[in-house]
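Asks: missing the sequence, but the structure's below:
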C-alpha cells in the first residue's frame with residue numbers, strides 16, 4: 001500500500017551524506033543454548049501497562065520470554081513454527097532456548113513443526129527444566145533423573161543417535177540443572193554427554209580441564225561450554241579437532257575468563273559468551289578477549305547466535321547484536337509511536353511520529369542502512385515506501401532518498417517541488433503523485449525531469465515496476481506492465497474503487513461498499529476472496545497472500561500460509577493499517593505499536 005505524506009510545513013534538515021555501506025545480515029539457526037531464569041515478581045505488568053517478564057531465552061534469530069502471568073512470548077524468526085506459541089499456554093514456569101515450556105503442573109508444552117520437533121514423550125511429568133542437546137531433547141525431573149528423546153538430526157549427522165547413547169543420558173541421576181550437553185550434580189560436579197557430528201560420544205577429560213568442583217551453574221551451546229564456581233569464578237572451554245585421534249575432539253580451555261570474579265550467572269555462545277556480575281553489570285568474552293557491555297541493573301542473560309538478550313531487574317528486556325533480519329531486536333516498546341508501515345519482499349520499514357524510521361529484514365544491498373547512516377540517525381522523514389529490494393523515504397524538504405538495490409543508478413533524487421501525495425517504487429522507475437498527476441522520477445535523474453503519465457490519479461500500487469495499478473478519481477482502475485498471470489487484466493465494469501494493491505502477480509481492489517475484488521494469479525488462493533467479506537477499509541497484496549483490514553479493526557488473510565503469513569494473531573484488534581511482504585505480514589495498531597507474523601514475528605506486547 002502507498003503512504004500518505006503529511007505536509008508538516010517547516011522544511012528543515014535533510015540527510016547530508018551519500019556514502020553507502022553494506023550492512024550484512026546472516027540467517028543462522030543454532031539449535032542449542034541456555035537461558036537464565038529469575039523468580040517471578042509480584043506484579044504481572046509494569047506501570048505503563050506493558051507485561052513484566054521473568055525469564056528469557058534466545059536461539060538463532062528468535063527470542064523467547066516468559067511473562068509473569070505464565071504466558072510465553074516469541075519474536076524474531078518464525079522458523080518452522082518456532083513462534084507459534086499455543087494459545088492455551090498460560091501457566092508456564094520456565095522456558096528453554098527451543099520450543100518447550102515447563103508448566104506449573106510439571107508437564108511440558110511443545111510447539112512447532114513435528115518434522116523438526118518430535119512430540120514430547122507421553123506421560124512425562126514431574127519436569128522442572130528442559131534443554132536441547134546436540135540432537136536430542138532432555139527433561140530434568142524433580143527427583144534428579146532425566147528423560148531423553150531423539151530430535152531432528154541434520155544431514156551432516158552421519159548416523160542416528162543410538163539407543164545406547166540415549167540411555168547414557170537417561171542413566172544420569174542426582175542432577176540439579178541441565179544445559180545442552182552438560183548436567184550439574186548435587187555434589188557440585190559436572191557430567192557431559194556430548195556427541196560429535198560423527199556420532200562419537202565425547203567424555204570430559206579431567207586432566208584437560210581446571211578443577212570442576214563446587215560448580216553452581218552450567219551453560220552449553222554447540223561446542224562451547226561454561227561453568228560457574230561457588231566462589232564466583234568461571235571455567236570455560238570449547239571442543240576442537242583432536243589431531244591425535246580420528247574423528248575425535250579435545251578440550252581447549254578458554255583463558256580469557258580466568259580473571260573473572262564476582263560472577264552470578266553465565267550464558268555460553270558459539271562465537272562469544274556472557275557473564276552477569278553480582279553488581280548487575282554484564283561482560284562478554286571470546287576465545288581471547290574480555291570486555292564490558294555497558295549494561296547495568298541486569299537480572300538474567302541469554303546468548304543467541306544472532307543477538308543477545310538481557311532481563312533487567314524491573315522486568316523489561318534489552319536486546320543487542322549485529323543483526324535484525326527477523327525483527328529479533330524489537331523488544332517491548334521498541335516499535336512504538338509508529339504512524340505508517342511498508343513491506344518489501346523480505347524487509348520492512350516503519351515511520352515513527354517523530355520523523356525517524358526503523359527497518360528490518362533481509363539485508364540485500366544495505367537495505368538496513370542508508371548511505372552510512374543507521375536508521376535511528378535519520379530524522380525529518382515524512383513518508384516511507386518499501387518495494388522489492390529497495391527503501392524510499394520522503395524528507396520534509398521534499399527530497400526523496402532511496403537505498404538498497406541501486407542497479408539502475410544512484411540516489412538521492414534531487415529535491416522536486418512540494419507537495420507529493422504518495423510515492424511508489426518501480427524496477428527502473430520511481431513514481432510519485434503530484435496534484436492528481438502520476439509523474440515519473442528517473443533513477444538517474446540529475447534535474448527535475450518529470451514526465452506526465454496520467455491525470456486525476458489518487459492511488460497507485462506497483463509490484464517493483466513489473467506491473468502497476470493506478471486508481472483514478474472516478475473510481476476506475478488502469479494497469480500496465482507484465483500480464484503473464486492476468487494481473488493487468490482489469491475486471492470488466494470494475495468501478496467504485498477506493499484503493500488498489502499490487503501483489504507479485506495478483507491484484508486487489510477495494511470498493512466503496514467495503515467489498516474486495518481480486519484478479520491475476522490464484523495458484524495459492526490469493527484471489528479467492530473469503531465469502532461474506534465486507535466492511536473492509538484497507539487492503540494489502542503480498543507475494544502469495546492477501547490482507548484485508550475491517551472497519552472493526554480486525555484483519556482477515558487468505559492465500560499462502562507456508563510461513564505463517566496468514567496466521568493472524570489471535571485477538572488482534574484496534575488495527576489501523578496493514579502491509580504484506582513475501583513471507584511476513586504487518587499490522588499497525590491504534591496505539592502506535594506494530595505486530596508482525598509469518599517468518600518475521602513481532603508480537604502484540606500488550607496482549
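Replies: Nice, thanks for sending it over. Note that this is a predicted model, so its numbers are computed, not measured.
Asks: which parts of the stretch 101-250 of the chain are strands?
Replies: Per DSSP state E, counting those that start in this stretch, the stretch 101-250 of the chain carries strands over the ranges 108-110, 127-132, 136-141, 146-150, 175-179, 182-185, 190-192, 194-195, 201-202, 215-221, 224-229, 234-241, 249-253.
Asks: repeat that for the stretch 401-550 of the chain.
Replies: 422-425, 429-434, 437-442, 450-454, 457-462, 467-472, 477-481, 497-502, 506-511, 516-520, 536-541, 545-550.
Asks: just the element for the residue nearest the centre of the chain, please.
Replies: Residue closest to the average C-alpha location in the chain (Cα atoms, centre = their mean): residue 76, at 2.0 Å. Using DSSP states H and E, residue 76 sits within strand 72-77.
Asks: before we move on, back to that, state the distance from the nearest residue to the residue nearest to the centre of the chain once chain neighbours are set aside to residue 132.
Replies: Nearest residue to residue 76, sequence neighbours excluded (Cβ to Cβ, 6 or more residues apart in numbering): residue 328, at 3.3 Å. Glycine gets a C-beta too; all of them are placed from N, C-alpha and C. Using Cβ to Cβ, to the nearest Å, residue 328 is found at 19 Å from residue 132.
Asks: go on, residue 595?
Replies: On the measure of Cβ to Cβ, residue 595 and residue 132 end up 28 Å apart.
Asks: of the two, which one has the most company?
Replies: Legend: neighbour count by other Cβ atoms under 10 Å for residue 595 and residue 132, higher for residue 132 (27 against 22).
Asks: excluding sequence neighbours, find me the nearest residue to residue 463.
Replies: That would be residue 502: by Cβ to Cβ, 6+ apart, it lies 4.4 Å from residue 463.
Asks: still on that earlier bit, weakest of the strands of the stretch 401-550 of the chain in terms of mean pLDDT?
Replies: Mean pLDDT values for the strands of the stretch 401-550 of the chain show the minimum at strand 450-454, a mean of 46.
Asks: wait, residue 178 touches residue 131, no?
Replies: Yes - the criterion here is Cβ atoms under 8 Å, and residue 178 meets it with residue 131 at 4.8 Å.
Asks: which neighbours do the two share?
Replies: Shared contacts of residue 178 and residue 131 (Cβ atoms under 8 Å, 6 or more residues apart in numbering): 138, 140.
Asks: contact partners for the residue nearest to residue 483 when sequence neighbours are not counted?
Replies: Leaving aside its sequence neighbours, residue 483 sits nearest to residue 489 (Cβ to Cβ, 6+ apart; 6.3 Å). Listed by Cβ under 8 Å, 6+ apart, the contact set of residue 489 reads 479, 483, 519-520.
Asks: who wins for most neighbours among the residues you listed?
Replies: residue 520 (24 neighbours).
Asks: contact partners for it?
Replies: Taking Cβ under 8 Å, 6+ apart as the test, what residue 520 contacts is 485-487, 489, 503, 505-507, 527.
Asks: for it, give its distance to residue 251.
Replies: For residue 520 relative to residue 251 (Cβ to Cβ), the value is 60 Å.
Asks: same question for residue 215.
Replies: Distance from residue 215 to residue 251, by Cβ to Cβ: 16 Å.
Asks: comparing the two, which residue is more hemmed in?
Replies: More crowded of residue 215 and residue 251, by other Cβ under 10 Å: residue 215, with 21 against 17.
Asks: and the more buried one, what is it in contact with?
Replies: 184, 188-190, 227-230, 235.
Asks: and if you look at residue 289?
Replies: Residue 289 touches residue 256, counting by Cβ under 8 Å, 6+ apart.
Asks: look up phi and psi at it.
Replies: Main-chain torsions, residue 289, degrees, to the nearest 10: phi -150, psi 160.
Asks: re the thing from before, identify the residues contacting the residue nearest to the centre of the chain.
Replies: 60-63, 83, 306-307, 326-328, 600-601.
Asks: what of residue 592?
Replies: Counted by Cβ under 8 Å, 6+ apart, residue 592 has contacts 336-339, 353.
Asks: now the two most distant members of the residues you listed.
Replies: 336 and 339 (11.0 Å; Cβ to Cβ).
Asks: can you work out which residues contact both of those two?
Replies: 352, 592.
Asks: between the two, which one's more packed in?
Replies: residue 339 (20 against 15).
Asks: and the more buried one, which of the three is it?
Replies: strand (DSSP: H, G, I helix; E, B strand; the rest coil).
Asks: what about residue 88, neighbour count?
Replies: 7.
Asks: please disregard the earlier target; I meant residue 69.
Replies: Residue 69: 15 neighbours (other Cβ under 10 Å).
Asks: show me where the stretch 201-350 of the chain dips below the pLDDT cut-off.
Replies: 201-210, 247, 323 (pLDDT under 70).
Asks: re the thing from before, so which of the strands of the stretch 101-250 of the chain comes closest to residue 568?
Replies: Of these, nearest to residue 568 by Cβ to Cβ is strand 108-110, at 21.9 Å.
Asks: what packs against that closest one?
Replies: strand 100-103 (3 or more Cβ pairs under 8 Å, 6 or more residues apart in numbering; DSSP states H and E).
Asks: pLDDT averaged over stretch 556-571 - what is it?
Replies: Rounded mean pLDDT across stretch 556-571 is 93.
Asks: centre of the chain to stretch 58-67, how far?
Replies: 10 Å (Cα atoms, centre = their mean, to the nearest Å).
Asks: cool, and stretch 140-153?
Replies: 29 Å.
Asks: got it, and stretch 139-155?
Replies: With Cα atoms, centre = their mean, you get 27 Å for stretch 139-155.
Asks: just stretch 505-512 next, same as before
Replies: Distance, centroid of stretch 505-512 to centroid of chain: 29 Å (Cα atoms, centre = their mean).
Asks: so what touches it?
Replies: 461, 463, 469, 471, 475, 477, 479, 484-485, 487-488, 494, 496-501, 516-522, 526-527, 536-541, 546, 548.
Asks: which among those end up buried?
Replies: 461, 463, 469, 471, 477, 479, 485, 487-488, 497-501, 516-521, 526-527, 536-541, 546, 548 (16 or more other Cβ atoms under 10 Å).
Asks: domains in the protein, as residue ranges please.
Replies: The chain breaks down into these domains under automatic domain parsing: 1-25+324-454, 53-304, 456-575+586-601.
Asks: wouldn't residue 325 be in contact with residue 306 here?
Replies: Yes - here residue 325 reaches residue 306: they are 7.4 Å apart, a contact under Cβ under 8 Å.
Asks: who wins for neighbours among the contacts of residue 215?
Replies: residue 227 (26 neighbours).
Asks: contacting residues for it?
Replies: Per Cβ under 8 Å, 6+ apart, neighbours of residue 227: 182, 190, 212, 215, 217-219, 234-236, 266.
Asks: bridged to it, which residues?
Replies: Bridge pairing for residue 227 (DSSP bridges) gives the partners residue 218, residue 235.
Asks: re earlier: list just the nearest of the contacts of residue 76 to residue 139.
Replies: residue 62 (20.8 Å).
Asks: state the pLDDT value of the residue nearest to that closest one when sequence neighbours are not counted.
Replies: Closest residue to residue 62 apart from its sequence neighbours, by Cβ to Cβ, 6+ apart: residue 76 at 4.2 Å. The score at residue 76 is 89. That number is its pLDDT.
Asks: how near is residue 76 to residue 65?
Replies: From residue 76 to residue 65 the distance is 11 Å (Cβ to Cβ).
Asks: how about stretch 215-232: buried residues?
Replies: Buried residues in stretch 215-232 (16+ other Cβ under 10 Å): 215-229.
Asks: so who does residue 546 touch?
Replies: Counting by Cβ under 8 Å, 6+ apart, residue 546 has contacts 503, 506, 508, 518, 526-527, 539-540, 557-559, 580.
Asks: good, wrapping up.
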